[in-house]
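[1] Attaching a predicted model along with its sequence, questions to come.
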Amino acid sequence: MKFEIKEYNYLGFDLKNKTRGRIKTVCPHCSDTRKKKDDPCVSVDIDNGLYYCHHCGMNGSIHKYKKITNNGFVTPKYDYDRNINIGNNVIAYFETRGISTRTLSLLRIEEETIFFPQIKKDRNAIVFPYFKNGVCINKKFRDGKKNFLLVKDAEKTFYNLDSIQFSETMIIHEGEIDVMSSIECGLYDTVSVPNGATMGNINLDFIEPIYDSHISNKKKIILAGDNDEPGRNLMNKLAERLGKHRCFTVNWGDCKDSNEYLIKHGKEEYLLAIKNAEPIPIEGVYSIRSCEKELFNELRNGVIKGDTCRIKSLEKHFSWCKRDVYVFAGYANMGKTEFVYNLAMLKSMWDGWKWGIAGLEEKTTDRFYRKLVEMYVGKRIDPEHKNYGNQMSEQELKKAIKFIDKHFFFVKPSDKFSKNNIFDLFEYTDAKHGLDGIIIDPFNKIVKDVTSGLRDDELLVRFYTDLERFNIEHNVCGVTITHMNKPQNIKDGVPSRPTQYDILGGQGTNNAVDQIVFVHSETKDRLDPNRTIIVAKVRDRDIVGYPGECNLSFDYRKRRFLDNGNDPFIGYESNNIKEEQRLWLPYKDDDDLDVIDYIPF
């Protein structure tokens, strides 16, 4: 959504005759009540129209706005001018949770009668407004029977988002009452996730649109989730997404969550618990007890296999495993890059995977994305294909751009293609978008570190070791597309079938990686669409598959590999169920707002 200013500086901040930049000034909310009335306790970002008081915690927009366009999100009705009145029953409820009326007023908590579709009744509910840049973009409702609702089709984001705009530290909780608990103790730079915690898949897509403006500058992120398995699962996912190096975890001891800790131990102990938050522990030494639960699960339900590649003939030989290192190789012009992009697109279309791709040979960004667009649609862009009925329409192009924009991210350092530069870009992209895999194409374009004093084979082993470490830390698949040595045997113009020892790095590469796959043509005719996919090495055969091969054909018109004439891309749309179509799932039976497994609309 987009807004224009309806009333400029409606709170009357002293902007010191400036129209741009950041300033410190007095607070219209608390300065009159302080001994040091002229103390500039408020940070104001004039460019973005935001303010934050370091004394009383008030924050938001310095202007009033009105909506001028809509980008697909519904904006809930909200009266910014009226005084908020809270009933005695609501005040009494929050007092039992250690939350004062001052905190309720700061967060603009109110009550409203709303229809709850899950019980088909109108109920009086507590309303938690979600603000972004001073504008209410969503509301969460909670009645006395612990039924919950969010506004249908409204944007999701962190609760209390505007409080972290200027700080280098932030605290992340599971729910709104946890945020209130921190504010009650004077910790204002605190937010909570919109949908709480679950043991299933956790959707963190709401981070992407606010990452640059609110999160990228954070030096310390305190993860203060609930002291249970869903809470720990959520905090682990957040740490993977935002970077473990800057994440710290809070120990709530004998309490389930932050609010219970506040009630039981008081404000001083609460502040001490936050202060004593510990860095994500260094991994390295484990006992069998650390994986006891997983072993019993495998005993009862079988060993969890790798993620399907979606090509039926290849599935018994190849699958995707997070944290593994993959090498794809083949002689020149045999289609190794095209094949890897096909595999990546299949995982994105069928399973929603997101990829960061370092296309180091791509001269322009549009060339890179054109390949993916044509692969997604199964048609070509160039008008020369119109006569053959194979040029995509503008509507098909728009659909492809919308999909690819959410699932593929082109990475290319502006200066030298060093390992560190590439990994830094992947780390940023993962934190912002949440990646499932990274691809480096081609490997030989990476600049060698000539200052290290290491031989080429030693540098290669070090690179793959660093790639594996990156995969583990970020929970992604790591892929390199690698060139071959000059073929030793050529018969009738066709190189002999490659082995892992024909790759650049030979024995060193074979020892360092988990899977090696070749794309090979059995004929010198470059127009022959048939390719042999050779899976030469599989480290963990119980999970991934076993070495072998299959035959595929490349459909030039579709830019897709076909499996025995069948298009593996067809049918993916019927496999993807929209979130809005999911059935209502009940909340866990406890007394908190922040245990939502799924909120219906």
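    All right, it came through fine. Nothing here was measured: the structure is a model prediction, and the numbers come from that model. Residues are numbered from 1 along each chain as shown.
[2] Run through the strands of the stretch 501-601 of the chain in chain order.
    Secondary structure of the stretch 501-601 of the chain (DSSP state E, counting those that start in this stretch): strands at 515-520, 530-538, 548-555, 560-562.
[3] Make TSV from these and add distance to residue 22 and mean neighbour count to it.
    Bear in mind the C-beta positions are built from the backbone N, C-alpha and C, glycine included. TSV is the format used below for those (distance: least, Cβ to Cβ, whole Å; neighbours: other Cβ atoms under 10 Å):
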stretch	distance to residue 22	mean neighbour count
strand 515-520	50	24
strand 530-538	55	19
strand 548-555	55	17
strand 560-562	51	22
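[4] can you redo these as JSON lines with distance to residue 506 and mean pLDDT?
    Rendered in JSON lines, the data for the strands of the stretch 501-601 of the chain read as follows (distance: least, Cβ to Cβ, whole Å; pLDDT from 0 to 100):
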{"stretch": "strand 515-520", "distance to residue 506": "11", "mean pLDDT": "95"}
{"stretch": "strand 530-538", "distance to residue 506": "12", "mean pLDDT": "94"}
{"stretch": "strand 548-555", "distance to residue 506": "21", "mean pLDDT": "95"}
{"stretch": "strand 560-562", "distance to residue 506": "27", "mean pLDDT": "96"}
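[5] right, and those - which one's nearest residue 157?
    When the strands of the stretch 501-601 of the chain are compared by Cβ to Cβ, strand 560-562 sits nearest residue 157, at 37.0 Å.
[6] how about stretch 378-390 as PDB, C-alpha atoms only?
    In PDB, the C-alpha atoms belonging to stretch 378-390 read as follows (Å, rounded to 0.1, in the frame of the first residue of the first chain):
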ATOM      1  CA  GLY A 378       7.400 -23.300 -21.000                       C
ATOM      2  CA  LYS A 379       7.500 -20.800 -23.900                       C
ATOM      3  CA  ARG A 380      10.000 -18.300 -25.400                       C
ATOM      4  CA  ILE A 381      10.000 -14.500 -25.200                       C
ATOM      5  CA  ASP A 382      11.400 -13.600 -28.600                       C
ATOM      6  CA  PRO A 383       8.700 -12.700 -31.100                       C
ATOM      7  CA  GLU A 384      10.400 -15.000 -33.700                       C
ATOM      8  CA  HIS A 385       8.600 -17.800 -31.900                       C
ATOM      9  CA  LYS A 386       5.200 -16.300 -32.400                       C
ATOM     10  CA  ASN A 387       4.900 -17.900 -35.900                       C
ATOM     11  CA  TYR A 388       5.400 -21.300 -34.200                       C
ATOM     12  CA  GLY A 389       2.700 -20.700 -31.600                       C
ATOM     13  CA  ASN A 390       5.400 -20.700 -28.900                       C
END
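[7] which residues touch it?
    Residues outside stretch 378-390 that contact it (Cβ atoms under 8 Å, 6 or more residues apart in numbering): 370, 373-374, 391-392, 396-397, 557-560, 567, 569.
[8] if we can go back for a sec, I'd like the strands of the stretch 501-601 of the chain laid out as JSON lines, including distance to residue 484.
    Formatted as JSON lines, these follow (distance: least, Cβ to Cβ, whole Å):
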{"stretch": "strand 515-520", "distance to residue 484": "9"}
{"stretch": "strand 530-538", "distance to residue 484": "12"}
{"stretch": "strand 548-555", "distance to residue 484": "17"}
{"stretch": "strand 560-562", "distance to residue 484": "20"}
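[9] So for residue 9, which of these sits nearest?
    strand 560-562 (56.2 Å).
[10] Next, the buried residues of stretch 116-125.
    For stretch 116-125, burial by neighbour count (16 or more other Cβ atoms under 10 Å) applies to 116, 123, 125.
[11] and of these, the nearest to residue 29?
    residue 125 (27.3 Å).
[12] does that closest one sit in a helix, a strand or a coil?
    strand (DSSP: H, G, I helix; E, B strand; the rest coil).
[13] how deep is the residue lying closest to it once chain neighbours are set aside tucked in, by neighbour count?
    Leaving aside its chain neighbours, residue 125 sits nearest to residue 141 (4.1 Å; criterion: Cβ to Cβ, 6 or more residues apart in numbering). The criterion is other Cβ atoms under 10 Å. On that basis, residue 141 has 22 neighbouring residues.
[14] one step back: save the contacts of stretch 378-390 as JSON lines, and put in distance to residue 189 too.
    Compiled in JSON lines, these are given as follows (distance: Cβ to Cβ, whole Å):
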{"residue": "370", "distance to residue 189": "43"}
{"residue": "373", "distance to residue 189": "41"}
{"residue": "374", "distance to residue 189": "46"}
{"residue": "391", "distance to residue 189": "53"}
{"residue": "392", "distance to residue 189": "47"}
{"residue": "396", "distance to residue 189": "45"}
{"residue": "397", "distance to residue 189": "43"}
{"residue": "557", "distance to residue 189": "55"}
{"residue": "558", "distance to residue 189": "51"}
{"residue": "559", "distance to residue 189": "48"}
{"residue": "560", "distance to residue 189": "49"}
{"residue": "567", "distance to residue 189": "51"}
{"residue": "569", "distance to residue 189": "45"}
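[15] now those: which count as buried?
    For the contacts of stretch 378-390, buried by 16+ other Cβ under 10 Å: 373, 374, 391, 392, 396, 397, 558, 559, 560, 569.
[16] which one of those is nearest residue 409?
    residue 373 (14.7 Å).
[17] gap between the two ends of stretch 518-534?
    5 Å (Cα to Cα, to the nearest Å).
[18] who's in contact with it?
    Residues outside stretch 518-534 that contact it (Cβ under 8 Å, 6+ apart): 314, 318, 328-331, 333-336, 339, 492-494, 497-498, 517, 536, 549-556, 561.
[19] wait, what's in contact with residue 193?
    158, 159, 172, 173, 174, 204, 206, 234, 238.
[20] Can you report phi and psi for it?
    The phi/psi pair for residue 193 (degrees, to the nearest 10) reads phi -70, psi 150.
[21] On the pLDDT front, check it for me.
    Residue 193 carries a pLDDT value of 94.
[22] for the one 4 residues further on, same thing?
    According to the predicted model, the pLDDT of residue 197 comes to 79.
[23] gap between it and residue 184?
    Going from residue 197 to residue 184 by Cβ to Cβ, to the nearest Å gives 22 Å.
[24] looking at this, the residue nearest to residue 125 is in a strand?
    Yes - under three-state DSSP, residue 141 falls within a strand.
[25] wait, isn't it in contact with residue 126?
    Yes - shown here, residue 141 and residue 126 form a contact pair, counting by Cβ atoms under 8 Å, at 7.2 Å.
[26] which residues does the residue nearest to residue 8 when sequence neighbours are not counted contact?
    Leaving aside its sequence neighbours, residue 8 sits nearest to residue 63 (Cβ to Cβ, 6+ apart; 5.6 Å). Neighbour list for residue 63: 5, 6, 7, 8, 9, 10, 49, 134 [criterion: Cβ under 8 Å, 6+ apart].
[27] contacts for stretch 304-324?
    Residues outside stretch 304-324 that contact it (Cβ under 8 Å, 6+ apart) are 298, 343, 346-347, 350-351, 436-437, 468, 471-472, 475-478, 514-515, 517, 533, 535, 538-540, 543-552, 561, 563-564, 566, 568.
[28] ok, 6 Å please
    343, 346, 350, 471-472, 475, 477, 514, 535, 543-545, 548, 550, 563, 568 (Cβ atoms under 6 Å, 6 or more residues apart in numbering).
[29] any low-confidence regions in this protein?
    Applying pLDDT under 70 to the chain picks out residues 1-4, 66-72, 282-285, 447-454, 573-601.
[30] all helices of it, in order?
    Ranges of helices within the chain are 88-96, 101-106, 176-184, 229-242, 258-275, 292-301, 336-351, 365-377, 394-407, 419-433, 456-474, 506-512, 572-575, based on DSSP state H.
[31] who wins for proximity to residue 168 among the ones you listed?
    helix 229-242 (13.7 Å).
[32] Just give me how far the closest one sits from the chain centre.
    On the basis of Cα atoms, centre = their mean, to the nearest Å, helix 229-242 sits 12 Å off its chain's mean C-alpha point.
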